[in-house]
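**Q** Below is the sequence, then the predicted model.
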Amino acid sequence: MSFFDVFQLCSAVVFLSVFVIRAAHLFFAQKINPIAIGRGKKGFSLIFELIAFGGLIVWISAIVLHAIHSKLGIFPAVFDARVIGSGIARSAGLLLVALALVMFALAFLSFGNSWRVGMDTQTPGALVTHGTFALTRNPIFVSLDLWFIGIFLINGTLGFLIFAIAAAIVMHWQMRREEKFLSGLYGEFYREYCARTARYLIW
C-alpha cells in the first residue's frame, strides 16, 4: 500500500475511534444514550436518518476496500474511472482530511454531554455555542464534508466524487432539518446564535 492508502485508512480509524469512544463514554459513564437515530421518529424522518447513517458505513467500507486494493467494491466498476489524479490534488486531499480530523475531534470536545447522533426529541442536551461552535453551527458536518472531499481528491475516482456530492447535499438538508428542530427547542436563544454564527465557515 502507498502512503495515501495508509493515510486514508488511518483517517477512517480515527473517525470511528472518536465516534465509538465518545459514544461509549456517554453511555457508560454519563448514562446518556447519544444514538438518537430513529428514536421517536416515524415515516420519512425515520427512513432518512437510517439511510444517512447507513451511507456513512458504506463510505467507510468503500475507503477501506479501495485502500487495500480489494477486488471487492462498493461501487460498480464504471465508477472506478479516474476523473482527477494529479499530485497537487492528492496533496490537497491530504490537507483537507487532516483538517477534517482536527475539526472533528475538537467538535466532540466542544460538544461535551450534548452530542447526539440524530435529533433527540426525548433527552436533548444543552445548546453548545462555544469552541468550534463559535466558528460554525455545524462543525461535525463541516468536518465530514472536508473528509469526503479530501478522500475524493486522494483517490480521484468517479464513485468517490458522486458519493461526496450526494453526501454534501444530504448533510445540508439535515442541517436545515436540525435548525428547525433546534429553533423550536431553544427558541430565541438559538435564533440569536444563528444570527451571529455561520452555518458552514463563512456567513
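**A** Cool, the structure landed. Here the structure is a predicted model, which is why all the values come from computation and not from measurement. Residues are numbered from 1 along each chain as shown.
**Q** and A12, helix, strand or coil?
**A** Counting by DSSP: H, G, I helix; E, B strand; the rest coil, the backbone at A12 sits in helix.
**Q** OK, contacts around it?
**A** The neighbours of A12, taking CB atoms under 8 Å, 6 or more residues apart in numbering as the test, are 60, 63-64. Every residue, glycine included, has its C-beta placed from N, CA and C.
**Q** all helices of this structure, in order?
**A** In the chain, the helices defined using DSSP state H lie at 3-24, 44-67, 87-111, 139-155, 158-186, 188-196.
**Q** mind checking which of those helices is nearest D80?
**A** helix 158-186 (6.5 Å; CB to CB).
**Q** between the helix or strand of the chain with the lowest mean pLDDT and helix 3-24, how many degrees?
**A** Within the chain, no helix or strand scores below helix 44-67, which has a mean of 85 by mean pLDDT, DSSP states H and E. Using axes from the mean of the first three to the mean of the last three CA atoms, to 10 degrees, one finds that helix 44-67 and helix 3-24 are set 140 degrees apart in direction.
**Q** List the buried residues for helix 44-67?
**A** If you call a residue buried by 16 or more other CB atoms under 10 Å, then helix 44-67 has these buried ones: 45, 48-49, 52, 56, 59-60, 62-64, 66-67.
**Q** Find the nearest non-adjacent residue to I140, please.
**A** A107 (4.9 Å; CB to CB, 6 or more residues apart in numbering).
**Q** Spatially central, which residue of the chain would that be?
**A** Most central in the chain under CA atoms, centre = their mean is L144, positioned 3.4 Å from the mean C-alpha point.
**Q** and the gap between the nearest residue to that one once chain neighbours are set aside and L146?
**A** Excluding the flanking residues, the one nearest L144 by CB to CB, 6+ apart is M171, at 6.5 Å. Using CB to CB, to the nearest Å, M171 is found at 11 Å from L146.
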